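[1] mind folding the following:
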Amino acid sequence: MKLTSVIIGILCSSVLFAQQPQERTPGTEEVFGNEQPVPVRDASEAVAVINSIRMGMKTATKETNPKRVYSEADYLTLTTKADDFMIQQKYDAAIQLYKEILKEREDSYAKDRILEAEALIEKQQKEEEIRKKDKMLYEKAELASSNKLDKHTVHFTGALMSDVSSSKYWTSEAFNRKDPYSDFLQEGRYNDIAHDLQKSTDFTLDGIAIPANTRLIVYEKPNFTGEILLDVTGPAIVNNGYRISNKRFKELSSKQFYDALQSNFPQSVRSWSKTNMHTWLNGSMEIKTANEE
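    Numbering: from 1, shown residues only. Below is the predicted model:
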C-alpha cells in the first residue's frame, strides 16, 4: 500500500512539473507559427496594441497549428482600440488596427472605417495646407504692418544719419527699415544700450533720428544714472561729433535732403553730439512723448 502511494505521488509531481510554464531566456519572445511579434522598439501605438494582444494569445504549437488565431475577444479589443484612435484623430494608428483585423477575416465594419479614416486624413491634409497658407499671409501682413513705424519710434544707426543708405558713404537713410546698420526702438526705458541696439553696436553707434514730439534722454551709466549725455526732443537728427572732421560727413548737417525727409528734418534740426557716441553704449536711455515729465 505504501509503495502504491509513493508511485502515485511521483506521477502527480511529474504531471504538475510538466504543466508549469517553462522560464524563457530574456529577449526570446514567444512566436506564433513562424512569425515573430512586431518589434516594440520604435513602434507606434497601434503596433504596441497588436503586440500586447499577440503576447497574450494562447496559441497552438507549430506541430498542431502553425497559424495564429485571434479570438473574438481579441477582435473586439482591436476594434475598440481602433475606434478610440478614430475619436482621438489618430487615423494612421486606427487604420493599422483595422487592417490587422482584415488580415485574419473579412470584416465590413473595418473596411468602412478604413475608408472613413483615409477620407479624414485627406481632409486634415487640406486643412493643414490652408492653415499654412493663412499663416504665410498673416506673416506677410504682420511684416508689412511692422514696416509702418510707430510715431514715437527712434532710429539708431551704426553709420551716419542722412537721406540715403550707402555702404560707400557709410550713411543710413532716416527711418529706412531695410537699412542693415539700424535699430528702431519705441517708447520705453532701456537700461543697457549696448544690449538693446544690436545692429547699431555691431558697427559703432554714430547716428540717431528722433521723430516729432518724441524725447530721447541718454544717460552716461546704467539704471538711468550719471551725466545726461543727450536730452533732445524731435524732430531731430544727431550724428556723432567724433566724425565731424571727416570730409565724407561734414556736409550732412547742411545738405538738402530729398523732399519728404527735408520737410521732416530740415538743416535747423540736425546737429552733432558733444561727446563720442561710441561711449554711450555703456549707459542707458529713455524714449518718451515730448509732454511727459
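
[2] which residue ranges of the stretch 101-250 of the chain form strands?
    For the stretch 101-250 of the chain, strands defined by DSSP state E, counting those that start in this stretch occupy the ranges 154-157, 160-162, 171-173, 182-185, 188-190, 207-210, 214-221, 225-233, 236-239.

[3] so Val49 is in contact with Thr80, correct?
    No. If you go by C-beta atoms under 8 Å, Val49 and Thr80 don't touch, sitting 9.8 Å apart. Just so you know, the C-beta spots here come from the backbone N, C-alpha and C atoms, and that holds for glycine as well.

[4] tell me which of the two has more neighbours.
    The residue with more neighbours, out of Val49 and Thr80, is Val49; 22 against 12, by other C-beta atoms under 10 Å.

[5] winner for burial among the strands of the stretch 101-250 of the chain?
    strand 207-210 (a mean of 28; mean count of other C-beta atoms under 10 Å).

[6] that strand pairs with which strands, and in what direction?
    strand 154-157 (antiparallel), strand 236-239 (antiparallel) (DSSP bridges).

[7] pLDDT of it, averaged?
    In this model, strand 207-210 has a mean pLDDT of 97.

[8] pull the residues that contact that strand.
    For strand 207-210, contacts defined as C-beta atoms under 8 Å, 6 or more residues apart in numbering pick out 154-157, 159-162, 171-172, 174-175, 216, 230, 232-240, 265, 277.

[9] try it again with 6 Å
    Strand 207-210 has contacts (C-beta atoms under 6 Å, 6 or more residues apart in numbering) with 154-157, 160-161, 174, 216, 234, 236-239.

[10] from Arg113, how far off is Leu102?
    In this view, Leu102 and Arg113 are 10 Å apart by C-beta to C-beta, to the nearest Å.

[11] more crowded one of those two?
    Arg113 (21 against 12).

[12] low-confidence regions, the stretch 1-150 of the chain specifically.
    1-43, 57-68, 136-149 (pLDDT under 70).

[13] now do the helices in it.
    Remark: helices assigned in the stretch 1-150 of the chain by DSSP state H, counting those that start in this stretch are 2-19, 45-56, 72-87, 91-104, 108-146.

[14] by contact count, what packs against the second one?
    Meaning helix 45-56. helix 72-87, helix 91-104 (3 or more C-beta pairs under 6 Å, 6 or more residues apart in numbering; DSSP states H and E).
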